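S.K.: Here's a sequence, model it:
(one chain, ligands or ions: 1)
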Amino acid sequence: VIHTPHGEAQPPKSFPTGIVIGVTVPLVTIILALVAFWFSPWRRRWNRERILVDNPPRVVHNAPRVVDNVAPDSHPPNLALLTTSFPAVGLPAVVQATGNFSEANIIGKGGFSVIYKGELDGYGTVAVKRLKQDSLSEKIKGDYAREIVLMSRFTHANLVKLLCYCQENAECILVYEFMRNRSLNLYIFATVRRR
Ligand SMILES: Nc1ncnc2c1ncn2[C@@H]1O[C@H](COP(=O)(O)OP(=O)(O)OP(=O)(O)O)[C@@H](O)[C@H]1O
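M.R.: Residues are numbered from 1 along each chain as shown. Okay, here's the model as predicted:
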């Protein structure tokens, strides 16, 4: 209570409601938008794009062409793959590496794939990303081919290395270097945050 010179008691002055609402509502909206963005797939894509923009591709000129790696009796490779130079691996080798895609070797699940840990001849410990058969739409196959074309041209500390691929018997499989002990997100996003 505030006392005037005349001794009359006056109620304490508060901020006008309009100002309080005018400041609080935009502030809360901005905070909610930031939280939503932080957990959204857009942030992941944005981070990936920043890595690619900051680090232009290093084109590999001397790797063997994909077409040289395709066994004569296997399916013809996707057209997009012919434009790249990248090692393919046979399905029997991947089956052996993952213990016939054993449940015990599953280390992760993606939206369209299951990821297995494996020991692949010539590569050592690897992560095998096997696209789910029920997810193999034309779009997903296109994304798979694009991932091979793009990843075969990039080498960067923040990108998990794609070692080879397997496209046989309707299987679409990507073989990556195995990242030990930690979530991939930590590898992918950590350096971007430090910048
Ligand atoms: N190279 C790797 N080394 C170790 N673990 C891996 C590797 N790749 C994937 N994983 C494991 O699998 C999980 C899912 O992988 P990832 O995030 O690549 O799937 P995704 O991109 O969601 O899949 P999709 O393309 O099907 O949507 C990861 O969180 C991680 O635990």
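S.K.: switch to C-alpha atoms for all contacts and neighbour counts from now on
M.R.: Will do.
S.K.: low pLDDT regions in the protein?
M.R.: 1-15, 44-85, 181-195 (pLDDT under 70).
S.K.: Get me the contact residues on it for the ligand.
M.R.: Within the chain, the positions near the ligand by C-alpha under 6 Å from any ligand atom are 107-113, 115, 127, 176-180, 183-184.
S.K.: repeat that for 8 Å
M.R.: 107-117, 126-129, 131, 160-161, 175-185 (C-alpha under 8 Å from any ligand atom).
S.K.: residues near Val20, how many?
M.R.: 11 (other C-alpha atoms under 10 Å).
S.K.: Assign a three-state SS to it, would you?
M.R.: Classification of Val20 using DSSP: H, G, I helix; E, B strand; the rest coil returns helix.
S.K.: Specify the beta-bridge partners of Val114.
M.R.: Val114 has these beta-bridge partners by DSSP bridges: Lys109, Arg130.
S.K.: do the same with the one 4 residues further on
M.R.: Following DSSP bridges, Gly118 is listed with bridge partners Val126.
S.K.: residue contacts, it?
M.R.: Ala97, Thr98, Gly99, Asn105, Thr125, Val126, Ala127, Val128 (C-alpha atoms under 8 Å, 6 or more residues apart in numbering).
S.K.: Looking at those residues, spot the one nearest the ligand.
M.R.: Nearest to the ligand among the contacts of Gly118: Ala127, at 4.8 Å, using C-alpha to the nearest ligand atom.
S.K.: Please, where are all the strands along this protein?
M.R.: 2-3, 9-10, 106-109, 113-120, 124-131, 162-168, 171-177 (DSSP state E).
S.K.: nearest to Ile30, of those?
M.R.: strand 106-109 (33.0 Å; C-alpha to C-alpha).
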